[in-house]
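Enquirer: One predicted model, sequence on top.
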Protein chains: 2
Amino acid sequence: MIKLDGKKMRKPNMREAILAAAEELFSTNGFNAVSVRDIAQAAGANPGSVTYHFKTKDGLLLEIYQRHCVPMNLRRSELLEAAKRVRDLKDRLEAIVRAYVLPAFSSGSDLAGGGARFTRLRAIMSAEGNDVTRRIIAQTFDDTSHAFIDAIHESLPHVPRTEIVWRSHFLLGALYYTLVTPERVSRLSRGEADGADAGEAIEQLVQSTVASLQAPPLERPAPARRRSAAGAPANAGPA
Amino acid sequence: MIKLDGKKMRKPNMREAILAAAEELFSTNGFNAVSVRDIAQAAGANPGSVTYHFKTKDGLLLEIYQRHCVPMNLRRSELLEAAKRVRDLKDRLEAIVRAYVLPAFSSGSDLAGGGARFTRLRAIMSAEGNDVTRRIIAQTFDDTSHAFIDAIHESLPHVPRTEIVWRSHFLLGALYYTLVTPERVSRLSRGEADGADAGEAIEQLVQSTVASLQAPPLERPAPARRRSAAGAPANAGPA
DNA sequence: GTTTGATTTGTACATATGTACAAATATAAT
DNA sequence: ATTATATTTGTACATATGTACAAATCAAAC
């Protein structure tokens, strides 16, 4: 038995240290740029130890994902449910967006909650290609994304769902980029803003996204036979 | 003399083929995931040929950058100047944003103009870490970024510059992410939108960004003496 | 203390990698 | 044709990489 959980593990230390080190290194340098030996060294462990605990390098990555995904999505769901209960329609929209953004930043120094490090990791993995990784991300997060999109759509019934998809997609991109290159904000603002200030970043993201979501939809796309009606039979049905 | 340009090169083919192959591979899989041998094979060349033409793998990357940067920034400058001449203030803002976005997508099948492939490359390089690469990107693009920020600021004098920095930063992040993971848009919209449709992406990005830029600035940061008279004069304007 | 099983160490191996370089080949000028 | 130069090929080397595995070490159960 490799795993004896719950009761007594002898040294949860090493395995934990390896996970932490890998998370940090992967989220900073990407997957390919980091070697198993780098991780072992950073964790103060032996390379063989990594193989022992996680079998392969991919296995290690997967474990990091699994360890964060559930808590993070849970946190988001909680915040989303709370947001949906907000009465005022405008406040509600803002609350929903904030519920999406917050868990991605919450530095949750140790474990649960998601946190900036894990979000940065996802950003890098998204960019680095690797279809397998992308599929993992999709499988793990699409449900939550749909839940948010639907919630937003309910707050903005007059905006087509497609439009909301685009704009919340932009939100995620903006979020990723801010976590990956915060110094760019500091540089371009000539020091007036601090790109690494999570609080400020969150506020800017939320306000910017709320504004973009509220913008009038594009009229162009649909062929517009008659009065749209037919247009797109499966228009997500506004509820 | 390695380079005899202008008049007669014997075979501009191989060097060119290597550049093209490398560009494609890097922009799809990132820098670290692609080996010199991969590139050589894709170009139908010998690994040694890569060393001959570009000395090192980094040299090859640098060359790809240099070859696209100047034309791309030129194109952007042209479009920006044209945009600045637009009379109507609202139209001008939109034109400016479009001038920023367009060259990043223009598929410019062969050379000049930037194009999606090159933008994707920059996106990946930004995410992959590698401080050297980030510095190259910064040096090459910060001037243009500043020019756009200033132009936007002139169209929106009541919005603090810092705010504009944040929001145009978000634009770039959204743009990058859309180029890197277009299939996510298709998936989340359940096929109603095509994330890979450059025209649609551009339109969505422009409209979304214009709306976000026009949003009222956050009141929080500044000590906020008095009543913040400014309040929210420009709320995305319905029209 | 002895036994048992989990972990850690050390090391090894096969392969992939970036780069170097000499030889072969192609291309143009004379 | 001969020469000079530019390119391409083939191959080699040193190093880095992911992973495997036997031996050593450790912590508890008996």
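Expert: Received it, and whenever you're ready, just let me know what you need.

Enquirer: Close to DNA strand D: what parts of chain A are there?
Expert: A:8, A:10-11, A:34-38, A:47-48, A:50-52, A:55-58 (Cβ under 7 Å from any atom of the strand). Bear in mind the C-beta positions are built from the backbone N, C-alpha and C, glycine included.

Enquirer: Just those residues: which are in helices?
Expert: Residues of the residues of chain A next to DNA strand D located in helices (DSSP state H): A:36-38, A:47-48, A:50-52, A:57-58.

Enquirer: buried stuff in the helix or strand of chain A with the lowest mean pLDDT?
Expert: Taking all helices and strands of chain A together, the one with the lowest average confidence (mean pLDDT, DSSP states H and E) is helix A:131-155, at a mean of 90. Within helix A:131-155, the residues that qualify as buried are A:133-134, A:136-138, A:140-141, A:144-145, A:147-153, A:155, counting by 16 or more other Cβ atoms under 10 Å in any protein chain shown.

Enquirer: Can you name the secondary structure element that comes next after that helix?
Expert: Where DSSP states H and E defines the elements, the next helix or strand beyond helix A:131-155 is helix A:161-180.

Enquirer: Which is the succeeding secondary structure element to that next one?
Expert: Next helix or strand after helix A:161-180 toward the C-terminus (DSSP H and E): helix A:182-188.

Enquirer: Averaged pLDDT, that next one. What do you get?
Expert: Averaging pLDDT along helix A:182-188 gives 96.

Enquirer: Buried residues in it, which are they?
Expert: Of the residues in helix A:182-188, those scored as buried under the neighbour-count criterion (16+ other Cβ under 10 Å) are A:182, A:184-188.

Enquirer: What does the pLDDT read for A:E128?
Expert: For A:E128, the pLDDT comes out at 88.

Enquirer: residue contacts, it?
Expert: Neighbouring residues of A:E128 by Cβ atoms under 8 Å, 6 or more residues apart in numbering or on different chains: A:30-32, B:29-30, B:33, B:124, B:127-128.

Enquirer: Now render these as JSON lines, adding secondary structure.
Expert: Converted to JSON lines, those look like this (DSSP: H, G, I helix; E, B strand; the rest coil):
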{"residue": "A:G30", "secondary structure": "coil"}
{"residue": "A:F31", "secondary structure": "coil"}
{"residue": "A:N32", "secondary structure": "coil"}
{"residue": "B:N29", "secondary structure": "helix"}
{"residue": "B:G30", "secondary structure": "coil"}
{"residue": "B:A33", "secondary structure": "coil"}
{"residue": "B:I124", "secondary structure": "helix"}
{"residue": "B:A127", "secondary structure": "helix"}
{"residue": "B:E128", "secondary structure": "coil"}
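
Enquirer: Just the pLDDT at the residue nearest to A:L172 when sequence neighbours are not counted, thanks.
Expert: The shortest distance from A:L172 to any residue that is not its chain neighbour, by Cβ to Cβ, 6 or more residues apart in numbering or on different chains, is 6.5 Å, and that residue is B:Y177. Model confidence at B:Y177, given as pLDDT, is 97.

Enquirer: So B:Y177 versus DNA strand C, what's the distance?
Expert: Spatial separation of B:Y177 from DNA strand C under the definition Cβ to the nearest atom of the strand, to the nearest Å is 26 Å.

Enquirer: Tell me how many other residues surround A:G191.
Expert: For A:G191, the count of nearby residues is 9 (other Cβ atoms under 10 Å in any protein chain shown).

Enquirer: Okay, now the unreliable bits of chain A?
Expert: Across chain A, the ranges flagged by pLDDT under 70 are A:1-12, A:107-114, A:219-239.

Enquirer: what sits against the residue nearest to A:L172?
Expert: A:126, A:169-170, A:172-174, A:176-177, B:123.

Enquirer: quick check, nearest of those residues to B:A99?
Expert: Out of the contacts of B:Y177, the one with the shortest distance to B:A99 is A:F170. That distance is 18.4 Å, counting by Cβ to Cβ.

Enquirer: Spit out the contact partners of A:G195.
Expert: In this structure, A:G195 makes contact with A:178, A:181-186, A:201, B:169, judged by Cβ under 8 Å, 6+ apart.

Enquirer: what do you get for A:L179?
Expert: Listed by Cβ under 8 Å, 6+ apart, the contact set of A:L179 reads A:104-105, A:116, A:119-120, A:123.

Enquirer: export stretch A:140-148 as CSV, just CAs?
Expert: Output of stretch A:140-148 as CSV, limited to C-alpha atoms (Å, rounded to 0.1, in the frame of the first residue of the first chain):
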residue,chain,number,x,y,z
THR,A,140,-11.8,20.3,-14.5
PHE,A,141,-13.1,23.8,-15.1
ASP,A,142,-15.7,23.8,-17.8
ASP,A,143,-18.5,23.0,-15.4
THR,A,144,-17.7,25.9,-13.2
SER,A,145,-17.3,28.2,-16.2
HIS,A,146,-20.7,27.2,-17.5
ALA,A,147,-22.2,27.9,-14.1
PHE,A,148,-20.8,31.3,-14.1
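
Enquirer: ok so, going back, ok, which of the buried residues of helix A:131-155 also contact DNA strand C?
Expert: With Cβ under 7 Å from any atom of the strand as the criterion, the subset of these in contact with DNA strand C is empty.
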